[in-house]
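Peer 1: what would the 3D arrangement of this be:
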Amino acid sequence: MGKDYLIRAILGENQARVFALRTTDTVRQAQVNHNTAPVATAALGRTLTMGLVLGAMLKGEETITVQVKGDGPLEGIVVSADSQGRVKGYVGNPHVDLPLNQAGKLSVGKAVGSGTLHVIRDIGLKEAYQGTVPLQTGEIGDDFAYYFTASEQVPSAVVLGVLIDTDLAPLGSGGLIVQLLPDAVHDDAFITLLEERLTAMPPVSSLFADGKTPEEIVAEVFAGIKLNVIDWAPVAFHCDCSQERFERGLIALGREELQQFVQEGETLETVCRFCSKKYYYTVEHLEKLLRELGKAAE
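Peer 2: So this is what the prediction gives:
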């Protein structure tokens, strides 16, 4: 199946829940939008994948923002997602280039560096909920596993991966997240079995690159364990920027700033951080915004 989507499933006797998702097309779109180098594509792709999982835990109009603030050359990651399977994001330095690590893999942890992981949930109240934890390895999967356990008290295993082709485009991308359900009886044998299965599985990115679906991957990894797929939802890279939205941002800068742009006498170029789309405002357009500001002040 060629489209990205997410499934939710229950393992055992309501003992654990699973999120499995293919994000290959989503990460390809991000790579094209930002022209990211391989290590930046991998870091952003893993975070986009997690953003979609966090989004799947939301309700209604709620949104989630992930900020990875590290001191590495990647200069941080920002991802935003909603409950409708839409995600967008960017890295501070999309062209970061690092040699492979000792295991022959992309050095995501080194690119991210040391710092903090912030998860900000906007549920429509005046104050958004924010959870913050120190980064564990900068590899993103380890960091989110720690976040779930430390900040939300939900023991979790997080497997993320992005496989990059020789043309720099993602060949396969996705994730598998397993969380113990709080009200279930968790015997040690069940937990040990889950750990063994996750440790033994091939890289999740290669499974998606081979054309496996989320359902097939979950069925293979947890073969012999009772499995019930309860939900399916499409996911995609989607940015909601617009000419009007940037207009509102320009107006918010105030009269003096707008007048300065007009005096410079050149068309103003604005760029969306999330998708790299450009919007242009002529001097005439800026003068119109100034007039509207004047009317609003009367």
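
Peer 1: show me where pLDDT drops low in the chain?
Peer 2: With pLDDT under 70 as the threshold, the chain has low-confidence stretches at 1-2, 185-186, 295-298.

Peer 1: for it, what spans make up the helices?
Peer 2: Chain-ordered helices for the chain, with DSSP state H as the definition, fall at 24-34, 38-56, 108-112, 141-151, 188-200, 204-209, 214-221, 243-253, 255-264, 283-297.

Peer 1: how far does the third one sit from its chain's centre?
Peer 2: Counting by CA atoms, centre = their mean, to the nearest Å, helix 108-112 is centred 16 Å from the centre of its parent chain.

Peer 1: check which helices and strands it sits against.
Peer 2: helix 38-56 (3 or more CB pairs under 8 Å, 6 or more residues apart in numbering; DSSP states H and E). Yep, even glycine has a C-beta here, placed from its N, CA and C like the rest.

Peer 1: and the helix it packs on, how far out from the chain middle?
Peer 2: Taking CA atoms, centre = their mean, one finds the center of helix 38-56 at 4 Å from the center of the full chain.

Peer 1: got the CA positions of it in CSV?
Peer 2: This file holds the C-alpha atoms of helix 38-56, laid out as CSV (Å, rounded to 0.1, in the frame of the first residue of the first chain):
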residue,chain,number,x,y,z
PRO,A,38,20.2,12.6,5.2
VAL,A,39,20.9,13.0,8.9
ALA,A,40,18.5,16.0,9.1
THR,A,41,15.9,13.9,7.2
ALA,A,42,16.2,11.1,9.6
ALA,A,43,15.9,13.3,12.7
LEU,A,44,13.0,15.3,11.3
GLY,A,45,11.3,12.1,10.0
ARG,A,46,11.5,10.4,13.4
THR,A,47,10.1,13.4,15.1
LEU,A,48,7.3,13.8,12.5
THR,A,49,6.4,10.2,13.1
MET,A,50,6.2,10.8,16.8
GLY,A,51,4.2,13.9,16.3
LEU,A,52,1.6,11.9,14.4
VAL,A,53,1.4,9.3,17.3
LEU,A,54,0.9,12.1,19.8
GLY,A,55,-1.7,13.7,17.5
ALA,A,56,-3.6,10.4,17.4
